[in-house]
Structure formats: C-alpha cells, structure tokens
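Novice: no sequence on hand, only this structure:
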C-alpha cells in the first residue's frame, strides 16, 4: 500500500476502480431480472385466475341453460366471472342447448407486462349439461315414473 499525500492509505498499484463500475451494472441486472420474475409470476397467476373464472362461468351457465330459464344463462355466467375477478368476453349460452362455451378475461397485474400491451389474459371453457336418463329436456320427469293412472 502506498501512503497518499494527505496520509491516507491508497489501494494497490494498478487498480482502476473496477468494483465501482461493476456494482451498478450488477445491481441493474438484478433489478431487471427481478422485474421479469415478478411479471412472469403475475402473468401465470392471471392465467390461472382466468381459467378458474371461465370454468365457473361455464358451469354456472350450463346449470341454468334449461329452456325455461335460458335468458339467465348468460347472466349467471357473468355473475360467476365477476365473483372470480373476470369479465365475460363471449358466451354461447343459447337456450335449449346442452352445451355452453364461455370466454373470460382477467386483468394482468405487473410492473412491465401491462405497459407492453398484455393488459388482459383470456381463457375459454366449455360445459355440457348431461341429464339423467328419463329426464326430458324441458325439465319434466317424462317417463321416469310411467304414466299416471296406469295399473
């Protein structure tokens, strides 16, 4: 070590201050990597939430898709989506059908991803209503118990 003019010890000869330049670079790389990890996690969580909301909305719509209450099938899908933090983008909830298809979207929370244009994640689900044997499509029991008065 050399003694500087003011009596303070200076570093080894030939040292050019690499650490003072490398530390900010390493810190910047660590921050960028952290942002990428956080955003990737936020995107995966939003995708999982969207799929859960789509499944719930499709099941709710299928459960209420009977011909007598068909107009409420889409309303049921929308309510199930809202409860799960999503919104219905498309609902094929035609009355009288045994199958519904719902597409929902969920907002992506993140530090960088929303600014790059990925503000929402969509998911799709299909549910099919399977009636027990003997149950008519209109909801009646049909021939399950036979005709009344026979005997």
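Specialist: Thanks, I have it. Everything numeric in this text was worked out from a predicted model, so none of it was measured.

Novice: just read off the phi/psi values of the residue nearest to residue 62 when sequence neighbours are not counted.
Specialist: Distances taken as CB to CB, 6 or more residues apart in numbering put residue 127 closest to residue 62, at 3.8 Å, once the chain neighbours are dropped. To be clear about C-beta, it is placed using only N, CA and C from the backbone, and glycine gets the same treatment. Torsion angles at residue 127 (phi, psi; degrees, to the nearest 10) stand at phi -130, psi 140.

Novice: residues touching residue 127, list them.
Specialist: By CB atoms under 8 Å, 6 or more residues apart in numbering, the contact set of residue 127 is 55, 58-59, 61-62, 99-100, 102.

Novice: at 7 Å instead, please
Specialist: 58-59, 61-62, 100 (CB atoms under 7 Å, 6 or more residues apart in numbering).

Novice: ok, and the most crowded of these?
Specialist: Among these, residue 61 has the most neighbours (other CB atoms under 10 Å), with 31 neighbours.

Novice: where are the low-confidence patches of the chain?
Specialist: Applying pLDDT under 70 to the chain flags the ranges 1-16, 65-71, 95-97, 131-151.

Novice: strands of that one, start to end?
Specialist: For the chain, applying DSSP state E gives strands covering 87-92, 99-107, 120-128.

Novice: among these, which comes closest to residue 32?
Specialist: Of all the strands of the chain, it is strand 120-128 that lies closest to residue 32, at 22.8 Å by CB to CB.

Novice: quick check: buried residues in the closest one?
Specialist: 121, 123, 125, 127 (16 or more other CB atoms under 10 Å).

Novice: sheet-wise, list the partners of that strand with their directions.
Specialist: Here strand 120-128 is paired, per DSSP bridges, with strand 99-107 (antiparallel).

Novice: now the helices for the protein?
Specialist: Listed in chain order, the helices found in the chain under DSSP state H are 18-63, 71-83.

Novice: tell me what the first one is packed against?
Specialist: Counting contacts by 3 or more CB pairs under 7 Å, 6 or more residues apart in numbering; DSSP states H and E, the secondary-structure elements packed against helix 18-63 are helix 71-83, strand 99-107, strand 120-128.
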